[in-house]
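S.K.: what follows is a predicted protein model with its sequence.
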Amino acid sequence: MTSRERLLRAIRRQPADRVPLYCPVLGFRPPPHLRWTAGGQPVECWFSGRVEHTHALPRPWSADDEFRRAAAWLKLGLDAILDVSVPWARSPRVTVEDSTEVGVVGDRECLLMAREYQTPDGPLRHVVRVEEATPAPGAPVQPQTAALVNDLNISRTVQHVVGEAEDVPKARWLYQGPNRDQRAALAERMRLAAAAAAEQGVAVQAWSAFGADALAWFAGEEDAVALCLEDEAAFTALLDAIHAADKARTIAALDDGADIVCQRGRYSATDCWSPEVFRQHFKPRIADLAGLAHQRGRLFALATGGGVAPVAADLKDAGVDLLYPALPVPEYADPGVLDALAAEGLAVAGGLAVSVLDGGTAAEVEAAVAHVLGALGQRPGFILSPVDALGPETPWANVEAMVQAWRRHGAR
């Protein structure tokens, strides 16, 4: 059974030859024998195509890097997926001007990056604090501009582009489906991915939607909640604009043959919103995207933060096939919670807390693997996976311990 067959069967909750072991990475430092060179330089850290458009990386992560990482995991007997991030466009009717300035944040003077947008509906301004600390080796770096879509800039933002309801009509110009050039580039990227996937026997997964994560980038976490409570019409309009771009990106990925389309949802579950808000505003839009995938016989995944258990039945009803952890939240490493999610008919990836993989002993890693496989190894739809990724601090010895324990305990 190929890795593609195994993972797709697991996501469909069908029998497979063993429990899949799938390891997302974000700056993971593999041992020298698993590295390669690109442009004459060694590739010392592994990333993934899933973060191509949401993180600034120490070095660009190419399609060839993606294929080589998958090949390395397969050589070790693990499962792999080729990730592609679907681009999006800003309207050509928008002009942008970048600048830097010195300002005061709290009680500290610091350097700020500003980006001024002139849209057909009026101006918007985005201001981000420049981080002074040097990132650890392998960690994502801060963009050189006030990038609107960037995870690290959420906590550093001094002024979000959507500060009040009247900004919502302007914001729709900043996030739209891929333009003609981006569409052509995506088609070529997916063509290369399909060829590599056929050769390697792996699935292609396209990260095609942001949902509530875009709310956090546009308005900030707290202000997005305030907008929902104070001006539901404006909140709905902003979500509609985000969903229109998400839908265009998802259709593009499906047109180009993705096996799985995935929506980020780290800010979409009940650790950020009440179950009632989730059901009213997020569930219908998730269902719309999942329906597009299912109409073509493909699969739909959602990468979430915490708080999925209270809305598990809603996620299944919306058509979610697979849940991923988007943060190192404890519930994705809790066999009891995972079992409850699986009981709702959801496939789920997780089980291994990254805190154990990063800081535990080899014996503790083996015990964690044995425990979760003992509890969930016979559950249809369970995929053993770190919560949420192997990173720069994950020692290779613990990865080896994880793999060896999986080989001992993961057979069905």
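M.R.: Great, that's in hand. Numbers count the residues shown, from 1 in each chain.

S.K.: now stretch 263-278: buried residues?
M.R.: Buried residues in stretch 263-278, defined by neighbour count with 16 or more other C-beta atoms under 10 Å: 263-273, 277-278. The C-beta positions use only the backbone N, C-alpha and C, and glycine is treated the same way.

S.K.: got the contact list for the residue nearest to residue 142 when sequence neighbours are not counted?
M.R.: Using C-beta to C-beta, 6 or more residues apart in numbering and skipping the chain neighbours, the partner closest in space to residue 142 is residue 131 (5.0 Å). Taking C-beta atoms under 8 Å, 6 or more residues apart in numbering, we find residue 131 in contact with 142, 152, 156.

S.K.: pretty sure residue 131 sits in a helix.
M.R.: No: read with DSSP: H, G, I helix; E, B strand; the rest coil, residue 131 is coil and lies in no helix.

S.K.: on the pLDDT front, check it for me.
M.R.: For residue 131, the pLDDT comes out at 89.

S.K.: looks like residue 247 contacts residue 291 (just checking).
M.R.: No: Residue 247 is beyond contact range of residue 291, at 10.5 Å (criterion: C-beta atoms under 8 Å).

S.K.: which of these two has more neighbours?
M.R.: residue 247 (17 against 12; other C-beta atoms under 10 Å).

S.K.: lowest-pLDDT helix or strand in this structure?
M.R.: helix 151-156 (a mean of 85; mean pLDDT, DSSP states H and E).

S.K.: contact partners of the helix or strand just after that helix?
M.R.: For helix 151-156, the succeeding helix or strand toward the C-terminus, using DSSP states H and E, is strand 157-159. By C-beta under 8 Å, 6+ apart, the residues outside strand 157-159 that reach it are 103, 105, 112, 125, 126, 127, 128, 129, 220.

S.K.: likewise stretch 116-129?
M.R.: 91, 93-99, 103, 105, 110-115, 146-148, 153, 156-162, 167, 169-171, 173-174.

S.K.: what of stretch 279-297?
M.R.: Contacts of stretch 279-297 (C-beta under 8 Å, 6+ apart): 208-209, 211-212, 228, 235-236, 239, 243, 246-247, 250-251, 254, 260-261, 263, 265, 268, 273, 299-300, 302, 311, 314-315, 317-321.

S.K.: can you pull the buried residues of that stretch?
M.R.: Within stretch 279-297, judged by 16+ other C-beta under 10 Å, the buried ones are 281, 282, 283, 285, 286, 287, 288, 289, 290, 292, 293.

S.K.: likewise for stretch 25-43?
M.R.: Here stretch 25-43 shows 25, 26, 27, 28, 29, 30, 34, 43 as buried, counting by 16+ other C-beta under 10 Å.

S.K.: of these, closest to residue 331?
M.R.: Comparing these against residue 331 with C-beta to C-beta places residue 26 closest, at 19.8 Å.

S.K.: what about the nearest residue in space to that closest one that is not next to it in sequence, how many residues close to it?
M.R.: What sits nearest to residue 26 in space, not counting adjacent residues and going by C-beta to C-beta, 6+ apart, is residue 389, at 4.4 Å. Using other C-beta under 10 Å, residue 389 is surrounded by 25 other residues.

S.K.: what residues are up against residue 389?
M.R.: Taking C-beta under 8 Å, 6+ apart, one finds 23, 24, 25, 26, 28, 354 in contact with residue 389.

S.K.: make it 10 Å
M.R.: 23-28, 46-48, 50-51, 324-328, 354, 357 (C-beta atoms under 10 Å, 6 or more residues apart in numbering).

S.K.: just residue 105 next, same as before
M.R.: Counting by C-beta under 10 Å, 6+ apart, residue 105 has contacts 112, 127, 129, 156, 158.

S.K.: parallel or antiparallel, which strands does the strand or helix carrying residue 349 pair with?
M.R.: Using DSSP H and E, the element containing residue 349 is strand 347-353. As defined by DSSP bridges, the strand partners of strand 347-353 come to strand 322-325 (parallel), strand 382-387 (parallel).
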